[in-house]
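>>> just coords:
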């Protein structure tokens, strides 16, 4: 059994704590967060856990085999570098690796040099419904894929990176050829410590000719005409092919498919009861540690998606609201 600690006890950290607690492969030992409210919330659920205000104190006083970093995006790089200095055996790092590509590349290079197993928990890479959709698209169930449209009420960096990671994995034999984007930044919106768009439209043309359009930001109101309202959880995807259509919601565990002359079929493929995608990633990480396998595939996909996002954000040149940078840097 591997010992594990968590840095950051917000939503991402809670997902990791729950996953660690629910896994027979881990023993959670500590967590760090400067917020007393966050600590109190964790203490109520996991009273045996050691809690710290400062993650550096935690790393020194309570060494662990695996550390999960779930702090605001601008802090990922410096915190991960501190973690590397404490001889951990594995690392879970929430997306994005960093706010910009250069910093993310340098961090991943250092993790590579350390030969350290790493996972970035992009849920759609392991959830059953998106994975079945990937198989159906690849085997041609809706014919030749022509276009993909995504409606997401959250910004491109904090949520869109999930959707782009999934598409880059699904279209693994294809490559982006061009990126164009336009954003509404009038509201000067901030999310997770980063300056982001209130609304946006990012168009990605793949080398094969497949067109991807991502609508992002709180101005976007995702809506499907075929999915039940209770199945519309998170971003909505519409994949259009030469012989059919697939619609699904990122986190719902279901999808609707119309192929050929059929009228369409609604299919449920939920994750096994009692498991979360964080648990899947953490257990993959544990297995890799035990086997001596260093797999950075989720991190490499995350970096590839970040490159697309940075290209899109740099296409925006309007006023003084720079996108994708720490809020204090704006």
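Done, it's in. None of these values were measured; they are calculated from a predicted model.
>>> for residue 26, which residues are in contact?
Shown in contact with residue 26 (Cβ atoms under 8 Å, 6 or more residues apart in numbering): 1, 2, 3, 4, 20, 66, 282, 286. C-beta here means a position set from N, CA and C on the backbone, and glycine is covered the same way.
>>> and which of those is nearest residue 262?
residue 282 (39.0 Å; Cβ to Cβ).
>>> need the contact partners of the helix or strand where the closest one lies.
Using DSSP states H and E, residue 282 falls within helix 277-291. By Cβ under 8 Å, 6+ apart, the list of residues contacting helix 277-291 from outside reads 2, 4, 15-16, 18-20, 22-23, 25-26, 65-66, 68, 89-90, 92, 117-119, 121, 123, 126-127, 271, 293-295, 298.
>>> now, the residues you listed that are in strands?
2, 4, 26, 66, 68, 90, 92, 118, 119 (DSSP state E).
>>> so residue 246 sits in a strand?
Yes: applying DSSP: H, G, I helix; E, B strand; the rest coil, one finds residue 246 inside a strand.
>>> give me the pLDDT for the closest residue to residue 88 other than its chain neighbours.
By the measure of Cβ to Cβ, 6 or more residues apart in numbering, the closest residue to residue 88 outside its immediate chain neighbours is residue 67, 5.2 Å from it. The pLDDT attached to residue 67 in the predicted structure is 98.
>>> how about residue 188?
Confidence at residue 188, expressed as pLDDT, is 92.
>>> relative to residue 197, how far out is it?
As judged by Cβ to Cβ, to the nearest Å, residue 188 and residue 197 stand 10 Å apart.
>>> Three-state assignment for residue 301, please.
Here residue 301 is helix, with the state taken from three-state DSSP.
>>> sorry, back to before: in the helix holding residue 282, what's buried?
Neighbour-count burial for helix 277-291, counted by 16 or more other Cβ atoms under 10 Å, picks out 277, 278, 279, 280, 281, 282, 283, 284, 285, 286, 288, 289.
>>> got it, and stretch 58-73?
Across stretch 58-73, burial judged by 16+ other Cβ under 10 Å covers 58-59, 62, 64-73.
>>> end to end, how far does that stretch reach?
With Cα to Cα, to the nearest Å as the measure, the first residue of stretch 58-73 is 20 Å from its last.
>>> what does stretch 121-135 give?
When the end residues of stretch 121-135 are compared by Cα to Cα, they are separated by 20 Å.
>>> contacting residues around that stretch?
15, 92, 94-95, 161-163, 165-166, 169-170, 239, 246, 248, 250-255, 267-271, 277-278, 280-282, 298, 301-302.
>>> which parts of that stretch are buried?
When neighbours are counted by 16+ other Cβ under 10 Å, the buried residues of stretch 121-135 are found to be 121, 122, 123, 124, 125, 126, 127, 129, 130, 131, 133, 134.
>>> farthest pair within those?
Checking those against each other with Cβ to Cβ, the farthest-apart pair comes out as 121 and 133, at 19.1 Å.
>>> what subset of the contacts of stretch 121-135 is buried?
Buried residues within the contacts of stretch 121-135, defined by neighbour count using 16+ other Cβ under 10 Å: 15, 92, 94-95, 161-163, 165-166, 169-170, 239, 246, 248, 250-255, 269, 271, 277-278, 280-282, 298, 301-302.
>>> now do the helices in the stretch 1-150 of the chain.
Listed from the start of the chain, the stretch 1-150 of the chain has helices (DSSP state H, counting those that start in this stretch) covering 11-22, 36-45, 55-61, 76-84, 101-113, 128-138.
>>> sorry, slip of the keys, the one I care about is the stretch 151-300 of the chain.
Using DSSP H, counting those that start in this stretch, the helices of the stretch 151-300 of the chain run over 161-170, 277-291, 297-314.
>>> just checking, what packs against the first one?
Contacts defined by 3 or more Cβ pairs under 8 Å, 6 or more residues apart in numbering; DSSP states H and E place helix 161-170 against helix 128-138, strand 211-216, helix 297-314.
>>> any idea which of the ones you listed gets closest to residue 150?
Among these, the nearest to residue 150 by Cβ to Cβ is strand 211-216 (4.7 Å).
>>> please identify the buried residues of the closest one?
By neighbour count with 16+ other Cβ under 10 Å, strand 211-216 contains the buried residues 212, 214, 215, 216.
>>> next: stretch 214-228.
So stretch 214-228, judged by 16+ other Cβ under 10 Å, has buried residues 214, 215, 216, 217, 218, 220, 222, 224, 227.
>>> what is the mean pLDDT for that stretch?
On average, the pLDDT along stretch 214-228 is 95.
>>> likewise for stretch 285-302?
pLDDT averaged over stretch 285-302 gives 98.
>>> first-to-last residue distance for that stretch?
First-to-last residue span, stretch 285-302, Cα to Cα: 16 Å.
>>> how about the ones in strands among the contacts of helix 277-291, which pair is most distant?
Within the ones in strands among the contacts of helix 277-291, 26 and 118 form the most distant pair, 16.2 Å apart (Cβ to Cβ).
>>> coming back round to it: so can I have JSON lines of the helices of the stretch 1-150 of the chain showing mean pLDDT?
Conversion of the helices of the stretch 1-150 of the chain to JSON lines gives the following (pLDDT from 0 to 100):
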{"stretch": "helix 11-22", "mean pLDDT": "96"}
{"stretch": "helix 36-45", "mean pLDDT": "95"}
{"stretch": "helix 55-61", "mean pLDDT": "98"}
{"stretch": "helix 76-84", "mean pLDDT": "98"}
{"stretch": "helix 101-113", "mean pLDDT": "98"}
{"stretch": "helix 128-138", "mean pLDDT": "97"}
